[in-house]
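[1] next come a sequence and a model predicted from it.
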Amino acid sequence: MIPDRNAYREPMEAIALCTRCTKRQCPGDCEERRRTAKAALEDRSLGRLYEMDGEWNTLTGWAVKYGIRPNTLSGRIHRQGMTLRAALEKPVEKQTLYRIGSREDTAKGWAAYYGLSPTTLHRNLKDGMEIEEAIRQARRARERRRRAKEKAYESERES
């Protein structure tokens, strides 16, 4: 049976009213009101309902049930065109941690730490470089781009 989709289109205030108070002047600290408001937020978070094995749920609901991030699930379905079942059953890739000295971080974290482009650093690592060499190469590339911009700016000013 398909759930009533119009129930999710009601204004938030109407959904969030608790059943005990049944009036707009709910004290706000009512446990039932908080629980109802939280359920309304979860149900409305990504809007649509998705069905698998006769069970209906939102993407957020499915993601929580399977232990993955809602944005990961949404991306797999909408950008990659996966079915709900395939998106839920695909394992989540764990990010690799790289160690320099006593500090350990992801490639994205190291890129942010050194003010580098994450794309450049990822490409260098994918090409088989160790993290230190990948950072050195990315810093050199950043410096070359900076010098080229300065040179173009100076030649433009001289013209």
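    Yep, it's here. Numbers count the residues shown, from 1 in each chain.
[2] please make it C-alpha for all contacts and neighbour counts, starting now.
    Fine.
[3] for Ala107, give its distance to Lys126.
    Ala107 is 11 Å from Lys126, where distance means CA to CA, to the nearest Å.
[4] can you check Thr60 too?
    In this view, Thr60 and Lys126 are 32 Å apart by CA to CA.
[5] out of these two, which sits in the busier spot?
    Shown here are Thr60 and Lys126; by other CA atoms under 10 Å, Thr60 has more neighbours (23 against 11).
[6] how far out from the middle of the chain is the host helix or strand of that one?
    Following DSSP states H and E, one finds Thr60 within helix 59-66. Chain-centre distance of helix 59-66: 14 Å, with CA atoms, centre = their mean, to the nearest Å.
[7] do stretch 151-159 as well
    The answer for stretch 151-159 is 42 Å, by CA atoms, centre = their mean.
[8] please export the C-alpha coordinates of that stretch as PDB.
    Taking Å, rounded to 0.1, in the frame of the first residue of the first chain, the C-alpha atoms of stretch 151-159 are listed here in PDB:
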ATOM      1  CA  LYS A 151      53.900  37.700 -15.200                       C
ATOM      2  CA  ALA A 152      50.700  38.000 -17.200                       C
ATOM      3  CA  TYR A 153      49.500  40.800 -14.900                       C
ATOM      4  CA  GLU A 154      52.900  42.700 -15.200                       C
ATOM      5  CA  SER A 155      53.000  42.300 -19.000                       C
ATOM      6  CA  GLU A 156      49.400  43.600 -19.200                       C
ATOM      7  CA  ARG A 157      50.200  46.600 -17.000                       C
ATOM      8  CA  GLU A 158      53.200  47.400 -19.200                       C
ATOM      9  CA  SER A 159      51.100  47.400 -22.400                       C
END
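[9] cool, thanks, talk later.
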